[in-house]
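A.B. asks: Here you go, sequence then predicted model.
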Amino acid sequence: MTKITFIQHDGEQQTLEVEKGLSVMNAAVDNLIEGIDADCGGECNCATCHVYVDDAWMDKVGPTNDAEEAIMSLNPERKDTSRLSCQIKLTDELDGLVVHLPEFQY
Amino acid sequence: MSDMPEPRTSMVGKDPYSIPLEDIDVSQRELFRSNTMWGYFDRLRKEDPVHYCKDSEFGPYWSVTKFEDIMTVEGKHNIFSSEPSISIQEPLEDFKVSMFIAMDEPKHGDQRRTVQGSVAPRNLAKMEDLIRERAGKVLDSLPVGETFNWVEKVSIELTTLMLATLFDYPMEERHKLTYWSDVATAVPGPDSIISSNDERRKILIEETIPAFMGMWHDRANKDPQSDLISMMAHGESTKNMANENPMEFLGNLMLLIVGGNDTTRNSMSGSVLFLNENPDEYQKLRDNPDLVGSFVPEVIRFQTPLTHMRRTANEDFDLNGKTIKKGDKVVMWYVSGNRDEDAIERPYEFIIDRDKPRHHVSFGFGIHRCMGNRLAEMQLRIVWEEILKRFSKVELVGEPVRSYSNFVKGYTDLPVRVHPL
């Protein structure tokens, strides 16, 4: 198992223990975390599972991949720490990950 | 291209399984007007999900009918180009407008980013009160006790008001926006708003371009505002468009007008039809108005206001067992993907509280996914919140009349009566 914390736009925090290997998006959707729509179901094709990775974790999570970049570059809410949560896999290295949810999904 | 093509053998009224698979042509407009296309798509999804039609009014084309295959094509924008056209209909030879929906990267992204902000949720939140007030006024003016056309009195009126707001267009002339949108998409003919493509071109060039050109120059000379014209007039990648490329200027205006008009209009009409066809679902919504949040995406899935988007292959590509050749026309039938039982449970049922209601393909996916999707949802949500406060029922009292189009899936008439609470 691995820990992940979601911080809502209004500051509310939820920490979950989930199975390793899941994507951050799946962890959110399976546990009914508000603010993640994931309309396309994890195909990197809609940008409705957008999160801001906590600054302290950005090095370990890494930047957007090419497919993600193509779609995220159109999102007006995008910041340097933006990632699509369907593209982040929960590995050992990311145990304890903290992500922030945007006020609006695209 | 002639305005009145030679008639081909119609598939309307036939058993979808009685026709040889290779002769199925789901692009026939009459199938959509008569609402009899479903059986053909069901058969294609089962027997030949990536289907080649060698002869149609629009030339040869591939039909992509499964949700998952549509998703694949949407995601590969380098292979499946949006140029020269995103509908099965080819652009007219002598009237080439261009718009960013029908461009590839990087131009598409540059132009889209310029206007995206106007319909992004952050900006929409500021407009919510205004939209609610206008929707309320329209609903309060409906003739109680009379039969009237919901399409005209509510769906068109509300989407037109919205468009005028987004463009900061003079309210008293707002009906011109709807008129131009209809002119841009109509199939010419004796019963149509336009008799020929020449007439279409004349109206758009002689009326639409000059009307917007004046507003454009006016706003370019003022400080930037949050309306679409000001955003384009000041945007780095769009500010020279009006002077340097009038057909691109017209194209992008038409994209924003048609995109914000035909689509939401028809979902707004569809919502009334579906609730009348499913009285138990209507009761659920009355009993629990909070369900409007999942009701809205279910309406958009069930309606599928645009039947398809089209791509053109830049290179050979193997899709679900078929080889699509470079240059081939590829039609992603959203209307079929939204009834795909492998992606959506009980797809033919209208269920306002279904799980994952936003998992539908009506907005498309990938970089060309509908820019106004949140605006569409907000308009539908507000109008239904306001309807539920006023009327116990919007009752359908006659047969709907559907549009003669293989692209815009909609209605021209929906006779209703409203019953106050």
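C.D. replies: Thanks, I have the structure now. Numbers count the residues shown, from 1 in each chain, chains lettered A, B, ... in the order given.

A.B. asks: As a check, name the ranges of all strands in chain A.
C.D. replies: Assigned by DSSP state E, chain A shows strands spanning A:2-7, A:13-18, A:50-53, A:82-84, A:97-100.

A.B. asks: got the buried residues for the first one?
C.D. replies: Applying a neighbour-count criterion of 16 or more other Cβ atoms under 10 Å in any protein chain shown, one finds A:2, A:4, A:6-7 buried in strand A:2-7. The way it works is simple: take the backbone N, C-alpha and C, and place the C-beta from them, glycine included.

A.B. asks: Extract the CA atoms of it and return them as CSV.
C.D. replies: Only the C-alpha atoms of strand A:2-7 are listed here, as CSV (Å, rounded to 0.1, in the frame of the first residue of the first chain):
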residue,chain,number,x,y,z
THR,A,2,1.0,3.6,-0.5
LYS,A,3,-0.2,6.9,0.9
ILE,A,4,-1.5,9.8,-1.1
THR,A,5,-2.9,13.1,0.1
PHE,A,6,-5.4,15.2,-1.9
ILE,A,7,-5.8,18.9,-0.9
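
A.B. asks: elements contacting that strand?
C.D. replies: strand A:13-18, helix A:24-30, strand A:97-100 (3 or more Cβ pairs under 8 Å, 6 or more residues apart in numbering or on different chains; DSSP states H and E).

A.B. asks: and it, which strands flank it?
C.D. replies: Each strand paired with strand A:2-7, and its direction, by DSSP bridges: strand A:13-18 (antiparallel), strand A:97-100 (parallel).

A.B. asks: Which residues outside it are in contact with it?
C.D. replies: A:13-20, A:24, A:27-28, A:33, A:35, A:51, A:54, A:90-92, A:94-101 (Cβ atoms under 8 Å, 6 or more residues apart in numbering or on different chains).

A.B. asks: which residues touch the closest residue to B:Val64 other than its chain neighbours?
C.D. replies: Leaving aside its chain neighbours, B:Val64 sits nearest to B:Met332 (4.8 Å; criterion: Cβ to Cβ, 6 or more residues apart in numbering or on different chains). Neighbouring residues of B:Met332 by Cβ under 8 Å, 6+ apart: B:64, B:70, B:73-74, B:308-311, B:361, B:364.

A.B. asks: So in terms of bridging, what pairs with B:Met332?
C.D. replies: B:Val64, B:Met309.

A.B. asks: which intervals of the stretch 301-421 of chain B have sub-threshold pLDDT?
C.D. replies: Along the stretch 301-421 of chain B, no part satisfies pLDDT under 70.

A.B. asks: which bits of it sit near chain A?
C.D. replies: Taking Cβ under 8 Å from any Cβ of the partner chain as the measure of proximity, the stretch 301-421 of chain B contacts chain A at B:356, B:358-360, B:363, B:365-367, B:369, B:374.

A.B. asks: Narrow those residues to those in helices?
C.D. replies: B:Arg374 (DSSP state H).

A.B. asks: Put together TSV for the residues of the stretch 301-421 of chain B next to chain A, with distance to B:Asn278 and neighbour count on each row.
C.D. replies: Output for these, formatted as TSV (distance: Cβ to Cβ, whole Å; neighbours: other Cβ atoms under 10 Å in any protein chain shown):
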residue	distance to B:Asn278	neighbour count
B:Lys356	19	15
B:Arg358	20	22
B:His359	20	20
B:His360	17	21
B:Phe363	23	24
B:Phe365	27	24
B:Gly366	32	23
B:Ile367	35	21
B:Arg369	28	20
B:Arg374	26	21
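
A.B. asks: and the residue of chain B found nearest chain A, what does it touch?
C.D. replies: At 3.5 Å from chain A, B:Pro121 is the closest residue in chain B, using Cβ to the nearest Cβ. Counting by Cβ under 8 Å, 6+ apart, B:Pro121 touches A:103-106, B:374.

A.B. asks: now do B:Ile205
C.D. replies: Each residue near B:Ile205 by Cβ under 8 Å, 6+ apart is listed here: B:Leu250.

A.B. asks: do you know how far it is from B:Gln225?
C.D. replies: According to Cβ to Cβ, to the nearest Å, B:Ile205 and B:Gln225 sit 27 Å apart.

A.B. asks: Same check on A:Val98?
C.D. replies: Per Cβ to Cβ, A:Val98 is found 38 Å from B:Gln225.

A.B. asks: most centrally placed residue in the chain?
C.D. replies: Going with chain A. A:Ser85 (2.9 Å; Cα atoms, centre = their mean).

A.B. asks: other chain: chain B
C.D. replies: Chain B has B:Thr263 as the residue nearest its centroid, 3.4 Å off, counting by Cα atoms, centre = their mean.

A.B. asks: Mind listing what's buried along the helix or strand containing it?
C.D. replies: In the assignment (DSSP states H and E), B:Thr263 maps to helix B:262-277. Judged by neighbour count using 16+ other Cβ under 10 Å, the buried positions of helix B:262-277 are B:262-276.
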